[in-house]
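**Student:** fold the stuff below for me.
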Amino acid sequence: MIAEPMTETHKSEKRMTGRTVLAWLIGFFLVIFAANGAFIYLALSSWTGVEVESSYKAGQAYQGEIDAANAQNARAWQVDARLERDAAGLATIRLEARDRNGAPLSGLTFNALLERPTHRADDRSVMLAESETGVYVGTLENLAPGQWDMRLEGDDTTGVVFRSRNRVFVSQ
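**Tutor:** Numbering: from 1, shown residues only. Predicted coordinates for the structure are as follows:
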């Protein structure tokens, strides 16, 4: 028997060295730190979660809020507010206010505050002017689509007589 020479197919092997392991370990933690940094930045630059500046002061005024809500319910006003946005981004708020008998309410001052549920920087405010008896209208330019909280507040000569808060969706 004649022995034939062995032919080796020699693959290039990459050896795992201490430097390679160290590089992978450092790279892994750099990626983790970068992701955590991005999450911290996004958390701090978005909604703070604060509804009131002082819970104590809000608690002290709570009974007054209850009394105002009971007085508003006793008046039994019928207030219908609609928000519509055209293709150019112009939003119109139209509010109709009537008393318990259906007669239009005139001489009030209504203010509408549109708040983003998640970001205060986008909040918008508009005064509604009485366009006809009992009908109040206001417009906002460049109102972005999406969900908004619409707070309505009506004043007369004695102070705030109507408050409402509703979630509205503004389409594209």
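
**Student:** rest of the way, CA atoms for contacts and neighbours
**Tutor:** Noted.

**Student:** secondary structure element for the residue lying closest to G154 once chain neighbours are set aside, which one?
**Tutor:** Closest residue in space to G154, ignoring its immediate chain neighbours: F110 at 4.3 Å, by C-alpha to C-alpha, 6 or more residues apart in numbering. Using DSSP states H and E, F110 maps to strand 109-115.

**Student:** then A74?
**Tutor:** helix 62-75.

**Student:** ok now that helix, how far from the chain's centre?
**Tutor:** For helix 62-75, the distance from its own C-alpha centre to the chain's C-alpha centre is 27 Å (C-alpha atoms, centre = their mean, to the nearest Å).

**Student:** list the buried residues of it.
**Tutor:** A68 (16 or more other C-alpha atoms under 10 Å).

**Student:** that one - contacts with which helices or strands?
**Tutor:** strand 159-170 (3 or more C-alpha pairs under 8 Å, 6 or more residues apart in numbering; DSSP states H and E).

**Student:** the strand it packs on vs helix 62-75, what angle?
**Tutor:** Counting by axes from the mean of the first three to the mean of the last three C-alpha atoms, to 10 degrees, strand 159-170 lies at 80 degrees to helix 62-75.

**Student:** using neighbour counts, pick out the buried residues of strand 159-170.
**Tutor:** For strand 159-170, by 16+ other C-alpha under 10 Å, it's V161, F162.

**Student:** between it and strand 109-115, how many degrees?
**Tutor:** 40 degrees.

**Student:** quick one: strands adjacent to strand 159-170?
**Tutor:** Next to strand 159-170 in the sheet, as set by DSSP bridges, lie strand 146-156 (antiparallel).

**Student:** what mean pLDDT would you report for the strand it pairs with?
**Tutor:** Mean pLDDT, strand 146-156: 93.

**Student:** ok, residues contacting the helix holding A74?
**Tutor:** Contacting residues not belonging to helix 62-75 are listed as D99, R100, V161, F162 [C-alpha atoms under 8 Å, 6 or more residues apart in numbering].

**Student:** in this protein, which helix is the longest?
**Tutor:** helix 18-45 (DSSP state H).

**Student:** quick check: next helix or strand after that helix?
**Tutor:** Taking DSSP H and E, what comes next after helix 18-45 is helix 55-60.

**Student:** and the least confident helix or strand in the chain by mean pLDDT, C-alpha only, in CSV?
**Tutor:** Least confident element among the helices and strands of the chain, by mean pLDDT, DSSP states H and E: helix 55-60 (a mean of 89). Only the C-alpha atoms of helix 55-60 are listed here, as CSV (Å, rounded to 0.1, in the frame of the first residue of the first chain):
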residue,chain,number,x,y,z
SER,A,55,-51.7,69.2,45.4
TYR,A,56,-52.2,70.9,48.8
LYS,A,57,-53.6,74.1,47.3
ALA,A,58,-55.8,72.0,44.9
GLY,A,59,-57.1,70.1,47.9
GLN,A,60,-58.0,73.3,49.7
